[in-house]
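Trainee: Fold the following, please.
(4 chains)
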2 protein chains.
Amino acid sequence: MAKRKPTIHEVAHLAKVGIGTVSRVLNNHPSVRPETRNRVLAAMANLGYSPNPHARRVAGGRSYTVSFVLPVISTEFYNRLLEGIEHILTEERYEIALFPILSPSRLERYLESRSLAYQTDGLLVSSQGLAHLLPDQKFPTERPVVLVDAYSPRYDSAFMDNRLGGQMAALHLAQFPGAMFAIQVQEELDKVLKNTVGQERIEGFREGLRKAGKPLPSAHVFVSRFSAEGGRLALQHFLRLAKPPFNIFAGADLLALGVLEEAERQGLAIGEQVRLLGFDGHPWTAAKGLSTLAQPIEEMGAEAARMLLERIRGYKGSPRARRFEPTLVVRSSTQPHPVYAG
Amino acid sequence: MAKRKPTIHEVAHLAKVGIGTVSRVLNNHPSVRPETRNRVLAAMANLGYSPNPHARRVAGGRSYTVSFVLPVISTEFYNRLLEGIEHILTEERYEIALFPILSPSRLERYLESRSLAYQTDGLLVSSQGLAHLLPDQKFPTERPVVLVDAYSPRYDSAFMDNRLGGQMAALHLAQFPGAMFAIQVQEELDKVLKNTVGQERIEGFREGLRKAGKPLPSAHVFVSRFSAEGGRLALQHFLRLAKPPFNIFAGADLLALGVLEEAERQGLAIGEQVRLLGFDGHPWTAAKGLSTLAQPIEEMGAEAARMLLERIRGYKGSPRARRFEPTLVVRSSTQPHPVYAG
DNA sequence: TTGGGGTATGGAAGCGTTTTCTTTCAGAAA
DNA sequence: TTTCTGAAAGAAAACGCTTCCATACCCCAA
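Mentor: Just a heads-up that it's a prediction; the model follows:
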C-alpha cells in the first residue's frame, strides 16, 4: 500500500556517494565538499527523504529529545517560553516532550525516577517549587537538568527578577496622584509547588512604594486566581474601598485585561481615573494600550535551552544562574490620553 | 558516569536465556515456558530494565507509544480523560506522548505531517474542530486516529452527548419555581477549533425548557470564559436582571463553583434562592453539595484507548461511534436544605 | 525402535541511522 | 621527484531491539 519511506541508502545510491557521507550531510559535518553536499541535498529533495528519527536515536545512543516539565496555568506565558526553547532546540534537531503537571497526582508521578520524563537526554523544568518537593532537592536522574523561570543553586537556572519588576512598577506608579492598589496572582497548584512568583512581584511593589513614601495598605491588595474575570472582580472590589483615581499594579497582563473590561463597563477613563500597569508584556497589550512590564520570556527560554544543550554535550562546570529583567513599557493606560488639538 | 541503561542482552545473560526469549517475553509471545518467563521477568525487575522504544520502533515498526493531542483549557476534564486513557494503555505497556495545542500557532505545527505527533503508533485527538482545519478533514498520517470527546464520520469516535445533557438539565430545573438562567462556556481557542461543546449544552437546555413550556430568554444566557470568576460575574449579572429565586444551569462545574462563591458572598441560600446545576461531575462537587450532570469522562477515555489499540493491532472495520451520556446527580444545590427535627 | 509433529529456545539477520576505521588523493615541504 | 599531511569519502561496525530460521527436545503413534 503506502510505499515505504526512502532510506539513507537510496539517497546515497542516487547521489552516488556512501551512506556515511549522507549522514554527514544530515549532521552538518564540516568535512563534506560543497559540491558533494549539494548533490546529496538534491537527491534528498528528489526522493522526498526525511531521516527516521528513531533509527537516529538508536544509533546515536541519544534520544535527541528533551523533556519540558511545566505547570499549565498561564498558557500564554508558557507558550512563549516554549517558543523560545523550541527555537533553539529545533535548530539542533532536538525534539521536545511536554510534561504538564495537570494535577497534584500527575506531579507525584513526575517525581518518580521511572517516569518517561527522565528517559530523554535532559530536563527543562519551569516549576519553581518542584525542587522543594524532591528528596535532597535533586531530581532522580543523572541527566542534566536546567531550571527555567525558577532558581536553584543545584542546577543551571534562567529566571526572571520578579521582585525588581515590582519595584519598577512602584517607581512608575508612585509618580501619579491617587491611591495605590495591587492584584496578586495565586493559584491552587502554586501552594503545592511553593510558587512565589505572584508574591514576589507584589512584595517588590510594596517595597518600592515604601521607599517612595507611599506605603501600600494590605487591604489594597486583591488576591485572585489567574483569569481575566479575576481582574474584573478586583476592580469591583477596589471601587467599594475607595474613589478614583486609582493606580493599579496587576500581577499579570491577563488580570489587567479584566480590569480594562470592567473599567469600560463602569465608564471609568483608563489612564486618568484608572491608571493600570500589567506584567508580562504579551503582544496584545500594545493594541489595548496597556502599560506593562515586558518580560523577555522567549530569550529566557532560549538561554535555558542553550545551557541544557551545553550540558548534554558534556559541559561540566558548576551551576550557572542567568538573571533576566523586565522592561517598563509605558502606554496610554498610565498616561492621560493625548488631547488632539483641532 | 551515568551507567548505561541495561539492554536486552544483559537481561538475557542474567536470566541465562537468549535474547530472542527475552524479546518474546516482552511481547507476550505464547511459546515461552512459564518458568522461563518468570526467570526473565525477575531479571528485568532486578536490573530495572525497560525496553528502548526507539529500538523497538526501528526493529519492529512499532514504538508502543501513542500521541494524545489535546487543547489545554479545562484542566480537570482533560486530566480525568488522560487518566482513563492511561489506565488502558499502561496495562498494555503503551506510553503516551502529550501534544497540547497551547496556541493557534502550535496547532498549525501539529497539522504538519512531519510533526513528532505522527511518529507514534497512533493518535488520540480530543479537539472537535481539529479535523475541520485539515485538508479533506483527514490527518496527514497512515496510522490509526481515534477522536475522544469529539466526533467525525471519518474516524472512530468516543464522545459525550452534550445536547442530551442540556435537556436533562432542563427537565430537572423546570420543576422548580422561579426564572431560568444559563451560563455558557466560550473560549478563545474554541473559535479556531469550532468547538461547540458549550453551545450544545445550552442549546439542549433551551430545547428542553421550550418543551417544558418555560422558554429561556436569550438575555438569561451569560457567556463566559472558563473560570470560576466567570461564574461569579454571571450571578452578579443575573441579580441585576431579576430577583431570586433563580434556577441556574452552569455549563461547567468550575463556573458553578464561582456561582456558589458569589451566592455565599451575597448571602443567597443555595438550593432555595439559587438553585444551581453544574456539568462535569468532578469529584469535589460532592463536598460542595453541587448538583451536576456527571460525565463518564474516564470511561470515555478508556473506550477511545481501546478502540485505538484495536486499530493499531490491525482492525480494519469502518469508523465506529461510541456515544456516552451524562448522569444527573442531585445534591443540595437543587434541593432545599433538609431541616433537622430537634 | 523409529519417525513425525509440535513446542521451546538460541542465535543470526535486519531495521535505518551514527560513528569509527580505512583508504584515497591532493597539495605542501623536503 | 619523493615524502608527509590532512581533508574527503567509502565501508563496516555498532546501536537495541524484532523476527526468522535452525536446532534440540519431548510425546505419541506406528
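Trainee: give the contact list for A:Val259.
Mentor: A:183, A:231-232, A:234-235, A:248, A:250, A:274, A:276 (Cβ atoms under 8 Å, 6 or more residues apart in numbering or on different chains). Placement of C-beta: from N, CA and C, glycine included.
Trainee: go again using 6 Å as the cut-off
Mentor: A:Val259 sits next to A:231, A:235, A:276 when contact means Cβ atoms under 6 Å, 6 or more residues apart in numbering or on different chains.
Trainee: any idea how far B:Lys138 is from the nearest residue to A:Arg306 once chain neighbours are set aside?
Mentor: Distance criterion Cβ to Cβ, 6 or more residues apart in numbering or on different chains; nearest residue to A:Arg306, sequence neighbours excluded, is A:Ile88 at 5.8 Å. According to Cβ to Cβ, to the nearest Å, A:Ile88 stands 33 Å off from B:Lys138.
Trainee: Between the two, point out the one with more neighbours.
Mentor: The neighbour count for A:Ile88 versus B:Lys138, taken as other Cβ atoms under 10 Å in any protein chain shown, is higher for A:Ile88 (19 against 12).
Trainee: Look up how far DNA strand C lies from the more buried one.
Mentor: Here the criterion is Cβ to the nearest atom of the strand, to the nearest Å. By it, A:Ile88 lies 19 Å from DNA strand C.
Trainee: That residue belongs to a strand, doesn't it?
Mentor: No: read with DSSP: H, G, I helix; E, B strand; the rest coil, A:Ile88 is helix and lies in no strand.
Trainee: Please name the residues that touch it.
Mentor: Applying Cβ under 6 Å, 6+ apart to A:Ile88 gives the contacts A:302, A:305-306.
Trainee: for those residues, which one is nearest B:Ser67?
Mentor: The shortest gap between B:Ser67 and any of the contacts of A:Ile88 belongs to A:Ala305, at 22.6 Å (Cβ to Cβ).
Trainee: Validate this expectation: the closest one resides in a helix.
Mentor: Yes: according to three-state DSSP, the state of A:Ala305 is that of a helix.
Trainee: where does chain A have low pLDDT?
Mentor: Applying pLDDT under 70 to chain A flags residues A:1-4, A:73-74, A:337-342.
Trainee: what about the most centrally placed residue in it, which helix or strand?
Mentor: The C-alpha lying nearest the average C-alpha coordinate of chain A belongs to A:Leu81 (Cα atoms, centre = their mean; 3.0 Å). Secondary structure from DSSP states H and E places A:Leu81 in helix A:75-91.
Trainee: most surrounded residue in the contacts of A:Ile88?
Mentor: When neighbours are counted by other Cβ under 10 Å, A:Ala305 leads the contacts of A:Ile88 with 28 neighbours.
Trainee: Contacts only, for it.
Mentor: If you count contacts by Cβ under 6 Å, 6+ apart, then A:Ala305 has A:85, A:88-89 around it.
Trainee: how close does the closest residue to A:Gln186 other than its chain neighbours get to A:Asn195?
Mentor: In this structure, A:Gln186 finds its nearest non-sequential neighbour in A:Val223, 5.0 Å apart by Cβ to Cβ, 6+ apart. Using Cβ to Cβ, A:Val223 is found at 14 Å from A:Asn195.
Trainee: Would you mind telling me which of the two has the busier surroundings?
Mentor: Legend: neighbour count by other Cβ under 10 Å for A:Val223 and A:Asn195, higher for A:Asn195 (23 against 15).
Trainee: Cheers, nothing more for now.
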